[in-house]
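>>> Whatever this is, show me its structure:
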Amino acid sequence: MTQTVVGIGTRKGLWLARSEDRRTWSIEGPQLLMREVPSLAFDTREGRQRLLVGMRSEHWGPTVMASDDLGQTWDETPEGAIRFPEDTGAALARVWQLVPDPHDAEVVWAGSEPQALWRSADRGRTFEMVRGLWDHPHREQWGEGAGGGAIHTILPDPQSADSMLVAMSTGGVYRSQDAGRSWTASNKGIKASFFPDPWPEFGQCVHKVARDPQTPARLYAQNHHGVYRSDDNGETWTSIADGLPTDFGFTVQTHPHEADTVWLVPVKADGERIPPGATLQVQRSTDAGATWQTMTTGLPHPSYTCVLRDAACVDDQGGLYFGTRNGEVYVSTDNGESFTVVAQQLPDVLCVRAAVLP
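As a prediction, the model looks like this:
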């Protein structure tokens, strides 16, 4: 019998939720107590049950830790898994993203603050900087969003080992077609309303990007004001915000098996950051953003919380999860029609990831 394991990274540690039916959950934790956990990933390639965590201690600083027994024991690289080269004059502030590569079972990607991309060839124990992106001539002009300047989205192309997309706040979307040696800004059609020229080549504050697994060239972006779709692997973008209660938010998720199905969690503008109408909700489209449906069953009203960019995920069976800044985690097993509680009264949820394991 399989079980679903949900990793919940918070401001004060890591919790694991387990279930055999995705209705009744047991909660384990805290682990890494009093350490911020802004990123985590399950590595299930080649039958592994490896858990990777990007964590930050106020005393010891940030690093990547790994567990091959789902958190019973942890392995930490001496001197830190990610270290900026001396010639950069930079230091690691946070690890914002961890992504196992779909083409090489030994490779793991990481995105950091400040904005840098990293590649591990030993399953996440040590990482090397991708210099092609760090040395990009735009880098000196990349700014910082309210949460800092970070690469928070890494999307390897499942059809080509040489192709990859990253997104950052701020800076926008960049793509490589040559395994990371060179990068091109890919923000055509994404508006930056806070600039004098609202259509710049780069500088957009993209909050999150997701790929449609059934149509890999189709991408969705939640921007700082704006929701977009690309049908050409990020080369151009078109607004799909019509019909939404607000075009602001942080997270975007796609269905693993149903093409054109995408979910958002809307937020009422950047200056307020509460759900529209004080109703925690999920917006769902099943036609690639042409129309939207409001999903609220099982979610609280009134609610004044927020869902951050990595505090949502979808498991391999299509289960949709998200966590809130007031420590609640929800799951839907019916494409967002209704939600039930996974966990409550946790610290501020920063990251949620789920895996279906034997």
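
>>> The stretch 1-150 of the chain: strands as residue ranges?
Secondary structure of the stretch 1-150 of the chain (DSSP state E, counting those that start in this stretch): strands at 3-10, 13-19, 26-31, 36-43, 50-57, 61-67, 75-76, 94-100, 108-113, 116-120, 128-129, 150-156.

>>> quick one: which of those is nearest Leu280?
Nearest of these to Leu280, taken as CB to CB: strand 3-10 at 17.3 Å. (Each C-beta comes from the backbone N, C-alpha and C, glycine too.)

>>> follow-up on the earlier one: switch the strands of the stretch 1-150 of the chain over to TSV, and while doing so, append distance to Val262 to every line.
Converted to TSV, the strands of the stretch 1-150 of the chain look like this (distance: least, CB to CB, whole Å):
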stretch	distance to Val262
strand 3-10	21
strand 13-19	24
strand 26-31	29
strand 36-43	21
strand 50-57	26
strand 61-67	30
strand 75-76	36
strand 94-100	19
strand 108-113	22
strand 116-120	25
strand 128-129	32
strand 150-156	14
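
>>> Just the helices from this protein, written as ranges.
For the chain, applying DSSP state H gives helices covering 131-134.

>>> Find the least confident helix or strand in it, judged by mean pLDDT.
strand 75-76 (a mean of 94; mean pLDDT, DSSP states H and E).

>>> count of neighbours near Ser57?
By other CB atoms under 10 Å, the residues close to Ser57 number 12.

>>> Repeat that for the one 5 residues further on.
Using other CB under 10 Å, Pro62 has 23 neighbouring residues.

>>> before we move on, what about Arg181?
By other CB under 10 Å, 12 other residues sit near Arg181.

>>> Could you do Asp270 as well?
Per other CB under 10 Å, the neighbour tally for Asp270 reads 13.

>>> Okay, it and Asp247: tell me how far apart.
11 Å (CB to CB, to the nearest Å).

>>> Kindly report the same for Val5.
Per CB to CB, Val5 is found 34 Å from Asp247.

>>> picking that back up, show me what the least confident helix or strand of the chain is packed up against.
Other helices and strands packing on strand 75-76, by 3 or more CB pairs under 8 Å, 6 or more residues apart in numbering; DSSP states H and E, are strand 61-67.

>>> Do you know the pLDDT at Ala288?
pLDDT, the model's per-residue confidence, is 98 for Ala288.

>>> Now for the closest residue to it other than its chain neighbours, how many residues are close by?
With CB to CB, 6 or more residues apart in numbering as the criterion, Ala288 has its nearest non-adjacent residue at 4.1 Å, and that residue is Asp260. When counting by other CB under 10 Å, one arrives at 17 neighbours for Asp260.

>>> going forward can the numbers begin at 50, since that is how I track them
Understood, numbering begins at 50; the last thing we discussed is Asp309.

>>> in terms of contact, does Asp309 touch Asp261 like I think?
Yes. Between Asp309 and Asp261 there is a contact under CB atoms under 8 Å: 7.0 Å.

>>> where do the contact lists of these two overlap?
Common contact partners of Asp309 and Asp261 (CB atoms under 8 Å, 6 or more residues apart in numbering): 267, 337.

>>> first vs last residue of stretch 383-397, how far apart are they?
When the termini of stretch 383-397 are compared using CA to CA, to the nearest Å, they are 26 Å apart.

>>> show me what contacts the nearest residue to Ser242 once chain neighbours are set aside?
Of all residues not flanking Ser242 in the chain, His274 sits nearest, at 5.6 Å (CB to CB, 6+ apart). By CB under 8 Å, 6+ apart, His274 lies in contact with 240, 242, 296-297, 319.

>>> and the residue nearest the centre of the chain, how far is that from Gly181?
By CA atoms, centre = their mean, the chain has its centre lying nearest to Asp359, at 3.7 Å. Distance of Asp359 to Gly181, given as CB to CB: 24 Å.

>>> Also Gly138?
18 Å.

>>> So between the two, which is more surrounded?
Neighbours were counted for Gly138 and for Gly181 using other CB under 10 Å; Gly181 has more, 15 against 7.

>>> what residues are up against that one?
Contact partners of Gly181, counting by CB under 8 Å, 6+ apart, are 225, 229-232.

>>> Pull out the buried members of those.
225, 229, 232 (16 or more other CB atoms under 10 Å).

>>> What's opposite the first one in the beta bridge?
For Ser225, the beta-bridge partners under DSSP bridges are Met213.

>>> wait, what's in contact with it?
Ser225 sits next to 181-182, 211-214, 231-233 when contact means CB under 8 Å, 6+ apart.

>>> Would you reformat those as TSV and include pLDDT and distance to Arg278?
Output for these, formatted as TSV (pLDDT from 0 to 100; distance: CB to CB, whole Å):
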residue	pLDDT	distance to Arg278
Gly181	98	27
Leu182	98	24
Asp211	98	24
Ser212	98	19
Met213	98	19
Leu214	98	14
Ser231	98	26
Trp232	98	22
Thr233	98	19
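
>>> between those residues, which is closest to Thr126?
Closest to Thr126, out of all of the contacts of Ser225 and judged by CB to CB, is Leu182, at 22.1 Å.

>>> Distance of Gln164 relative to Arg188?
For Gln164, the distance to Arg188 (CB to CB) stands at 7 Å.
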